[in-house]
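K.L.:
here is my input, please return the structure:
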Amino acid sequence: MSNPKTAAAAGLYIHIPFCRKKCRYCDFYSVTDPSLQPGFLKALQQEMRLAAASQPALNFDTLYLGGGTPSALGVGAVEEIIKAARRAFSFLPDTEVTVEVNPGTVDFDSLQRLRQAGANRLNVGVQSFRDRNLVFLGRIHSAIEAERVLAWSHAAGFDNIGIDLIYGIPGQTPDTWKIDLLKAIDCDLSHLSCYSLTFEPGTALEGDLRRGKFLAVDEDRVAELYLQALEVLGRGGFEQYETANFARSRDRRSRHNYKYWSFSPYLGLGPSAHSFIGPERFWNCADVDRYIRQLDNSRRPIEASETLTREMLMTEAVYLGLRLIDGIDMSAFNDRFGIGFMEHFGAKSAAFEQEGLLTTTDGHCRLTPRGMLLLDTIAAAFVDCIA
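P.N.:
Sure thing, here's the model as predicted:
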């Protein structure tokens, strides 16, 4: 289906909850039991039909298969998911179709098939180009395998390729982090996401940290590595557009992820997936078995929902806006909420501006690089003015 007439195109996210092996740092919902895959695939197509019937007015211009590890399903299953989504939903002609893949789960042939199936953007879970770091993180691939997948991706016809890198890994130094960044620049990528390593409760890495098996990198070093990434990537031709995201050019920014930061509607399918059709947010159960049972009975697997109040929407507008390098468009904020941005937040912004953490120029309130390091603290101070 296709309908090019849309006021605000939505994004479709499909969560694939399968991995070959659970990474030691990851707290996203996933399982490693492949016997559940046939039931999941059948249930997912049923969820597509039910969701499309409940949201007939939505038109989409992004499709994102994430996880988990979508490529762990096998390319045939991913091809069928893309086809089923296009049958169920209305997509615009220039839809961005992203598939997350991990080294160790794809080869040149499968990447070619993904491209032929309509995927036009890849996000590759590299995390590091150093084997020592990959072992610590519990990845299933080596650095050489990561480089090989990127070369195959180019050869398969993908010209929009992004990777994820992690910094703040114990033992990582500015020198070794710089090597990762320079390697990424050399791989002719369009997009790069740099995430600070976090120790989420319940993960294997967090358990080892509590047991004293290693020491976390101190905050000052993590900040140093973050600022180093801004410098190295900037010199390498990448522009930062969100606190953790960099692109070669504006048209290579992740169109899908931008929806999460700009209040665009998005629909999430699969176990644990979240949706936002303003002002309502809802999310699915985080359990493959329950997900399958619900859909076998023709019931959508929605776990809970909430309607965001004006104050909640203002709070999110502050947090999400400050994440972006463009910052908060103060005029748009005023129009949306019927208040004067500077009347509400002027005293706070002036104080942070004096400290060199924030600027208010060209009608935008935006954080400086040092301010980005204190994003949560600054956003919380702004939010205190909302109540």
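
K.L.:
just to check, residue 214 is in contact with residue 204?
P.N.:
No. Using C-beta atoms under 8 Å, residue 214 makes no contact with residue 204, being 12.0 Å away. Where C-beta positions appear, they are placed from N, C-alpha and C, glycine not excepted.

K.L.:
residue 246 - how many residues pack around it?
P.N.:
27 (other C-beta atoms under 10 Å).

K.L.:
and the gap between it and residue 77?
P.N.:
Look at residue 246 and residue 77: by C-beta to C-beta, to the nearest Å, they are 31 Å apart.

K.L.:
and if you look at residue 178?
P.N.:
Residue 178 is 39 Å from residue 77, by C-beta to C-beta.

K.L.:
these two: who's more crowded?
P.N.:
Ranked by neighbour count (other C-beta under 10 Å), residue 178 and residue 77 place residue 77 first, with 19 against 15.

K.L.:
burial of residue 304, as a residue count?
P.N.:
So residue 304, with other C-beta under 10 Å, has 9 neighbours.

K.L.:
quick one: secondary structure of it?
P.N.:
strand (DSSP: H, G, I helix; E, B strand; the rest coil).

K.L.:
list the residues that contact the closest residue to residue 106 other than its chain neighbours.
P.N.:
With sequence-adjacent residues excluded and distances taken as C-beta to C-beta, 6 or more residues apart in numbering, residue 106 is closest to residue 71, at 4.9 Å. Residues near residue 71 by C-beta atoms under 8 Å, 6 or more residues apart in numbering: 78, 99-102, 105-106, 110.

K.L.:
got it, and residue 324?
P.N.:
Going by C-beta under 8 Å, 6+ apart, residue 324 touches 241-242, 261, 366.

K.L.:
if it is in a bridge, with which residues?
P.N.:
residue 242 (DSSP bridges).

K.L.:
likewise the one 4 residues further on?
P.N.:
The residues listed as beta-bridge partners of residue 328 by DSSP bridges are residue 365.

K.L.:
so how many other residues sit close to it?
P.N.:
24.

K.L.:
how distant is the lengthiest strand in the chain from the center of its chain?
P.N.:
Ranked by residue count, the top strand of the chain under DSSP state E comes out as strand 90-101. Centroid separation for strand 90-101 versus its chain: 15 Å, with C-alpha atoms, centre = their mean, to the nearest Å.

K.L.:
okay, angle between the helix or strand following that strand and strand 90-101 too, please.
P.N.:
For strand 90-101, the succeeding helix or strand toward the C-terminus, using DSSP states H and E, is helix 108-116. With axes from the mean of the first three to the mean of the last three C-alpha atoms, to 10 degrees defining the directions, helix 108-116 sits at 160 degrees from strand 90-101.

K.L.:
what is the most widely separated pair among the contacts of residue 324?
P.N.:
Largest separation among those by C-beta to C-beta: 261 and 366, giving 13.3 Å.

K.L.:
got the phi and psi for residue 27?
P.N.:
phi -120, psi 10 (degrees, to the nearest 10).

K.L.:
typo on my end, it should be residue 123
P.N.:
According to degrees, to the nearest 10, residue 123 has phi -120, psi 110.

K.L.:
out of the contacts of residue 324, who's nearest residue 50?
P.N.:
Closest to residue 50 out of those is residue 261 (27.8 Å), distances taken as C-beta to C-beta.

K.L.:
leaving aside the residues next to it on the chain, what's closest to the closest one?
P.N.:
Nearest non-adjacent residue to residue 261 (C-beta to C-beta, 6+ apart): residue 320, at 4.6 Å.

K.L.:
my understanding was that that neighbour contacts residue 262; is that so?
P.N.:
Yes. If you go by C-beta under 8 Å, residue 320 and residue 262 touch, sitting 7.3 Å apart.

K.L.:
looking at the two, which is more packed in?
P.N.:
Ranked by neighbour count (other C-beta under 10 Å), residue 320 and residue 262 place residue 320 first, with 16 against 13.

K.L.:
ok but that one is inside a helix, no?
P.N.:
Yes. Counting by three-state DSSP, residue 320 is found in a helix.

K.L.:
residue ranges of the helices in the stretch 1-150 of the chain, please?
P.N.:
For the stretch 1-150 of the chain, the helices defined by DSSP state H, counting those that start in this stretch cover 37-54, 75-88, 108-116, 131-137, 143-155.
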